[in-house]
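# kindly return the folded structure for what I paste below:
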Amino acid sequence: MSKTLLRLIKSKANPAPPSKPPLKPPIKHLVKDIVYILHTHNQWEENLETRISQSEVLASDVAHLVLDRIRDAELGLKFFDWVSRGPYSGPINGFAYSSLLKLLARSRVFSEMEIVLENMRVEGMSPTREAMSIVIQAYSDSGLVEKALELYHFVLKKYTYFLDVIACNSLLNMLVKLRKIEIACKVYDDMLERDGAEDRCVDNYSTCIMVKGFCKEGKLEKGRKLIEDRWGQGCIPNIIFYNALIDGYCKKGDVETANGLFKELKLKGFLPTLETYGAIINGFCKKEDFEAIHRLLMEMNSRGLIVNVQVYNTIIDARYKHGSIVKVVETIRGMIECGCKPDIVTYNTMISGSCRDGKLLEADQLLEQALGKGLVPNKFSYTPLIHAYCKQGGCERASNLLLEMTERGLKPDLVTYGALVHGLVVAGEVDGALTIREKMLERGVFPDAGIYNILMSGLCKKFKLPAAKQLLAEMLDVNVLPDAFVYATLVDGFIRNGELDEARKLFELTIEKGMNPGIVGYNALIKGYCKSGKMKDAMACIKRMKKQHLAPDEFTYSTIIDGYVKQDDLDGAHEMFGEMVKMKCKPNVVTYTSLINGFGRKGDLDEAQKIFRVMQACGVVPNVFTYSILIRSFCKEAKLIDAASFFQEMLLKRCVPNDVTFNYLVNGFSKSVSHVISEKRSEFRDNKESMFLNFFGTMILDGWAPRSAAYNSILICLCQYGMFRTALLLSNNMRSKGCIPDSVSFVALLHGVCLEGRSKEWKNIVSCNLNERELQIAVKYSLILDQYLPRGTTSEASVILQTMFEECQSHSKEGNNIQISVS
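Okay, the predicted model is just below:
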């Protein structure tokens, strides 16, 4: 089509600038007939020749009028071709060319437009103002802003007229969208300079676009000044101006000024729109002012404005981000009652928030609900769930979600795959993570340095250094450049593998490659030196860090302190602790635990206990390692009452003990029990404050072996403090430790089941194979346990045991030697 047009435009034409020809009444009928023939006759050429032959008007004289009434660009081009060759036509004038330009511009046929413009330039013809305005508007609206600017400057330089306000606003709007604010300012100044009473080149919308542009760039005062300067000069500020400013101030974080403008617009008689409310609510969301948001929602409701889903989504997202409780069922119901239908963004926001709060069941239900409502999920629906399940060790569920995602036609991206890979590595399933990497490659999603780093870290922790090296080689093969974190991971891998020299060489290589190892890299090498007892090298590494303007962090100091402790250099550890505090680096649980370990090993329990209390006073929460070390230290010095006290404190603080904790307690109480019990018999047996000591002392005095007494006392405490699952695992492991669960073990577990509210199903959970004598003992210890209940109450466990004992007695009286057996 373009070649045909080139041939047509090069035909004889009138180079004179266009001027409006007079329009006679017969011409209207002729134009109408031509348009009709063009649209209704396949062989319109012959029909047109017949019709025009009957007229005194040439086809070229009415071509522009006909083209103005045609909407089909291809038909317009064919008509233009016919006019240029027809026997009833004269030279084609500038009006016809301009009308053709307008038709092509409206149809976005840019290639033919450029040919027409070029040929008009060659023929010395000038397009009309209307034509050039429509052409530039078409380029602007289509995002071809560079071409629009080129033509805009051509018009300024070549012609005496200026573009109309619609074209200028279109260009302005696109420049602002593309953040070309300086060029937009120049165009706006041109518009102001050429604005006149007859030809309006600037209007309210022009100024509003500029205000939005300044707000977008954060130049809010400039936007306000523009409104003040233009006030009354063809510019009457309206709600749109206020919306732009309020939105700008809110995005900048200046909610106070935005709120001032919000009040001002109402005083001036403007009514806030949904956009106004949305902008100011967004600002209050960032400030966590939910009371103000509630007032605005009430105001909207009183005005009959329906809050749209975007506003609700903003509020829900803000509540999650600021740690507020979001009741998802009530929230969704409230939205629907207010006439607002939740969309997939609503559900995605809630799914993400529920996952962050660890409410995976709720997040799962939200996804199902969204699907049930016919909403189409996307990667943002699945990725938070995949990440959360991986974080909690539910990698199988996470893998199923990834499968479901792909079955729905969704393409997991790098973030989704990264979440699953990270989760699998954290769960210790490195082989599974490597399988996911293979699936990524199959689907055309290529791992980045971050995913390679996670995989290498997992391999290094599994002591599979050769496999980690192989991944590094693969990275280089596919042109994924390792960053400082990757090298730090490998340095750590060499250290775990006992290859400190190789780790040091790789560290130096990182620096030679022009990379800054960063705090992570230095910490990895320092850890290696401390692990090997090379404290001088570790301290030299810290000095080197400081020369690179890298401040040691809590991990650095904690590693050094732990290194000194393991070398029995408590003075060095204490000195580093002092420097850490002086440098305003907050000690963490590892720091304090290392110091406690040091003083515990030395036998200085007063200092160890003092550090422990300082740690708590500073708001640092002790972990299972802290408590286990304290228990070990006090057991080692035969201070069993203190050891038992720390054990019960950790349970009270909801810190779940592990096998190491249990071993320290059992060994400590077994080895030191004889002389301690003889000296503090009554203190052990009648210690009502310490459940552990009370039961341990009673069992020892009743003839139980120390190990059995210790294990059973642990079981009782675990169950009474709501850690039944941990107790059940310990009970199952007791046999492998040479200690068979007995009647007291059964009492502990039965009480645990009942405290969980599952008394009716205890037979499915706890096995029982006790004879009459053992049941009698069980009842005795159950009643001792009841002493820890509120006065006047009896546990369901004691009722169950009493019933079992009475049934056993009944059978005995009948002459049957019977055991109660439940499994």
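# from here on, contacts and neighbour counts on C-alpha atoms
OK.
# do you know the pLDDT at Ser126?
Residue-level confidence at Ser126 comes out at 88, pLDDT.
# how near is it to Gln137?
The gap separating Ser126 from Gln137 is 18 Å, by CA to CA, to the nearest Å.
# repeat for Ile37
Plainly put, Ile37 is 31 Å away from Gln137 if you go by CA to CA.
# now do His39
His39 is 28 Å from Gln137, where distance means CA to CA.
# what does the top helix by length along the chain rub up against?
The single longest helix within the chain, with elements called by DSSP state H, is helix 659-679. Helix 659-679 is contacted from outside by 624, 627-628, 631-632, 635-636, 638, 640, 643-644, 684, 697, 706-707, 710-711, 714, using CA atoms under 8 Å, 6 or more residues apart in numbering.
# dump the residue contacts of Tyr564.
By CA under 8 Å, 6+ apart, the contact set of Tyr564 is 530, 535, 570, 572-573.
# can you pick out the most distant pair from those residues?
For the contacts of Tyr564, the farthest-apart pair by CA to CA is Cys530 and Leu570; their separation is 14.3 Å.
# tell me which of those two has more neighbours.
More neighbours surround Cys530 than the other of Cys530 and Leu570, with 22 against 19 (other CA atoms under 10 Å).
# give me the element the more buried one is part of.
Applying DSSP states H and E as the criterion places Cys530 in helix 518-531.
# got the buried residues for the following helix or strand past that helix?
Heading C-terminal from helix 518-531, the first helix or strand you meet, by DSSP H and E, is helix 535-547. By neighbour count on 16 or more other CA atoms under 10 Å, the buried set for helix 535-547 is 535, 538, 541-542, 545.
# what angle do helix 535-547 and helix 518-531 make?
170 degrees (axes from the mean of the first three to the mean of the last three CA atoms, to 10 degrees).
# could you export the longest helix of the chain as PDB, CA atoms only?
In PDB, the C-alpha atoms belonging to helix 659-679 read as follows (Å, rounded to 0.1, in the frame of the first residue of the first chain):
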ATOM      1  CA  ASP A 659      17.800 -34.300  73.700                       C
ATOM      2  CA  VAL A 660      21.000 -32.400  74.900                       C
ATOM      3  CA  THR A 661      19.000 -30.800  77.700                       C
ATOM      4  CA  PHE A 662      17.500 -34.100  78.700                       C
ATOM      5  CA  ASN A 663      20.900 -35.800  78.800                       C
ATOM      6  CA  TYR A 664      22.400 -33.100  81.000                       C
ATOM      7  CA  LEU A 665      19.600 -33.400  83.400                       C
ATOM      8  CA  VAL A 666      19.500 -37.200  83.500                       C
ATOM      9  CA  ASN A 667      23.300 -37.600  83.800                       C
ATOM     10  CA  GLY A 668      23.600 -34.800  86.400                       C
ATOM     11  CA  PHE A 669      20.800 -36.100  88.700                       C
ATOM     12  CA  SER A 670      22.000 -39.700  88.300                       C
ATOM     13  CA  LYS A 671      25.600 -39.100  89.200                       C
ATOM     14  CA  SER A 672      25.100 -36.600  92.000                       C
ATOM     15  CA  VAL A 673      21.900 -37.800  93.600                       C
ATOM     16  CA  SER A 674      23.300 -40.000  96.400                       C
ATOM     17  CA  HIS A 675      25.100 -37.400  98.600                       C
ATOM     18  CA  VAL A 676      22.700 -34.600  97.600                       C
ATOM     19  CA  ILE A 677      19.600 -36.500  98.600                       C
ATOM     20  CA  SER A 678      21.200 -37.500 101.900                       C
ATOM     21  CA  GLU A 679      22.000 -33.900 102.700                       C
END
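# and that helix, which residues are buried?
Under the neighbour-count criterion of 16+ other CA under 10 Å, helix 659-679 has 661-670, 672-673, 676-677 buried.
# stretch 511-531 now?
Using 16+ other CA under 10 Å as the test for burial, stretch 511-531 gives 516-531.
# closest to Tyr389 out of these?
Nearest to Tyr389 out of these is Val520 (CA to CA; 27.3 Å).
# which residues touch that closest one?
485, 488.
# could you do Ile246 as well?
So Ile246 contacts 257-259, 261-262, 276, 279-280 (CA under 8 Å, 6+ apart).
# cool, thanks, talk later.
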